[in-house]
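In: Pasted the sequence and its predicted model underneath.
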Amino acid sequence: MSAQPLPAQPATAQPLPAQPATARPAAPPATGPLARACASTRAVLAGIRPGQLGAATPCASWDVRALINHFVGTADWAAGAVRTGDGTPAAGRDYAAGDYLASYDAAVQAAVDAFGAPGALERAVRLPFGEFPGAFVLGIAVQDQFVHGWDLARAAGQPADLDPGLAEDLLASARAVVSDAFRGPEGTALFGPARQAGPGAGAAGRLAAFLGRPA
């Protein structure tokens, strides 16, 4: 039997509309890593009790109180720096003397909003060691918030294998940009000498060790 042709489409049938050539899945916002880093650290901070504020941390010169004051203050600083272009360090505040979780929430929201504003990542920001775009300051903020969450977890005896996917990304970035020029004794340089992470260390621990922490 000979093959029969397929029936023709009715004259009134309309073709399906073509997809625009530019259609792509929505990209995650640039502030996504910052939000993840801060969420990770917040989960640790929520478990800190006032009696732990004097405990030692992997940052030898800081106890838990000083560590909390640093990373809450850094979130506040980053928000102001990218809004105004002025990254001059502000005078320290004792956030740990009050509701430090509420203070952190407010500082994080301010930072996420500031970096998410139009033009924020391109804005020039004056830092003590040069002028850089907002995107560079965002990278500093993400790493700072995440690694200090690890410091806090270790100090408080909480699980420290924080957000492994983000930790791997930050470790790859740190290996690309953190040279020996940024390393030195604590209190005089941004990072200490790189260390070897202990057996079985997760990505967050390996990141911390690369940035000079005993892990």
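Out: In hand now; what should we look at? Numbers count the residues shown, from 1 in each chain.
In: got the contact list for Tyr135?
Out: Actually, residue 135 is Ala rather than Tyr. Residues in contact with Ala135 (C-beta atoms under 8 Å, 6 or more residues apart in numbering) are Ala30, Leu121, Glu122. Backbone N, C-alpha and C define where each C-beta goes, glycine included.
In: Those into JSON lines, with extra columns for pLDDT?
Out: Shown next, in JSON lines, are those (pLDDT from 0 to 100):
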{"residue": "Ala30", "pLDDT": "88"}
{"residue": "Leu121", "pLDDT": "97"}
{"residue": "Glu122", "pLDDT": "96"}
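In: By neighbours, which of those residues wins?
Out: Among those, the one with the most neighbours (other C-beta atoms under 10 Å) is Leu121, at 17 neighbours.
In: Skipping adjacent residues, who's closest to Leu190 in space?
Out: Using C-beta to C-beta, 6 or more residues apart in numbering and skipping residues adjacent in sequence, the residue nearest Leu190 is Phe182, 4.7 Å away.
In: typo on my end, Ala37
Out: Counting by C-beta to C-beta, 6+ apart, the residue nearest Ala37 is Phe146, at 3.8 Å.
In: Enumerate every residue touching the residue nearest to Leu190.
Out: Ala189, Leu190, Phe191.
In: and if we set it to 10 Å?
Out: Shown in contact with Phe182 (C-beta atoms under 10 Å, 6 or more residues apart in numbering): Phe129, Ala174, Ala189, Leu190, Phe191, Leu211, Gly212.
In: Show the model's pLDDT score for it.
Out: Predicted confidence (pLDDT) for Phe182: 80.
In: Tell me, how many residues neighbour Leu207?
Out: Neighbours of Leu207 (other C-beta under 10 Å): 28.
In: Closest to Gly205 out of the contacts of Ala135?
Out: Of all the contacts of Ala135, Gly205 sits closest to Ala30, with 26.9 Å by C-beta to C-beta.
In: and the closest residue to the closest one other than its chain neighbours, helix, strand or coil?
Out: Of all residues not flanking Ala30 in the chain, Leu121 sits nearest, at 6.0 Å (C-beta to C-beta, 6+ apart). Assigned by DSSP: H, G, I helix; E, B strand; the rest coil, the conformation of Leu121 is coil.
In: List the buried residues in the helix or strand harbouring Gly80.
Out: According to DSSP states H and E, Gly80 maps onto helix 64-84. By 16 or more other C-beta atoms under 10 Å, the buried positions in helix 64-84 come out as 64-83.
In: Keeping just the C-alphas, turn it into PDB.
Out: Only the C-alpha atoms of helix 64-84 are listed here, as PDB (Å, rounded to 0.1, in the frame of the first residue of the first chain):
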ATOM      1  CA  VAL A  64      33.500  36.600  70.600                       C
ATOM      2  CA  ARG A  65      32.300  40.100  71.600                       C
ATOM      3  CA  ALA A  66      35.000  41.800  69.500                       C
ATOM      4  CA  LEU A  67      34.300  39.400  66.600                       C
ATOM      5  CA  ILE A  68      30.600  40.200  66.600                       C
ATOM      6  CA  ASN A  69      31.300  43.900  66.800                       C
ATOM      7  CA  HIS A  70      33.600  43.500  63.800                       C
ATOM      8  CA  PHE A  71      31.300  41.700  61.400                       C
ATOM      9  CA  VAL A  72      28.200  43.600  62.300                       C
ATOM     10  CA  GLY A  73      30.200  46.800  61.900                       C
ATOM     11  CA  THR A  74      31.700  45.700  58.600                       C
ATOM     12  CA  ALA A  75      28.200  45.100  57.200                       C
ATOM     13  CA  ASP A  76      27.200  48.600  58.200                       C
ATOM     14  CA  TRP A  77      30.500  50.000  56.800                       C
ATOM     15  CA  ALA A  78      30.000  48.200  53.400                       C
ATOM     16  CA  ALA A  79      26.500  49.600  53.000                       C
ATOM     17  CA  GLY A  80      27.700  53.200  53.700                       C
ATOM     18  CA  ALA A  81      30.800  52.800  51.500                       C
ATOM     19  CA  VAL A  82      28.900  51.700  48.400                       C
ATOM     20  CA  ARG A  83      26.200  54.300  48.900                       C
ATOM     21  CA  THR A  84      28.600  57.200  49.300                       C
END
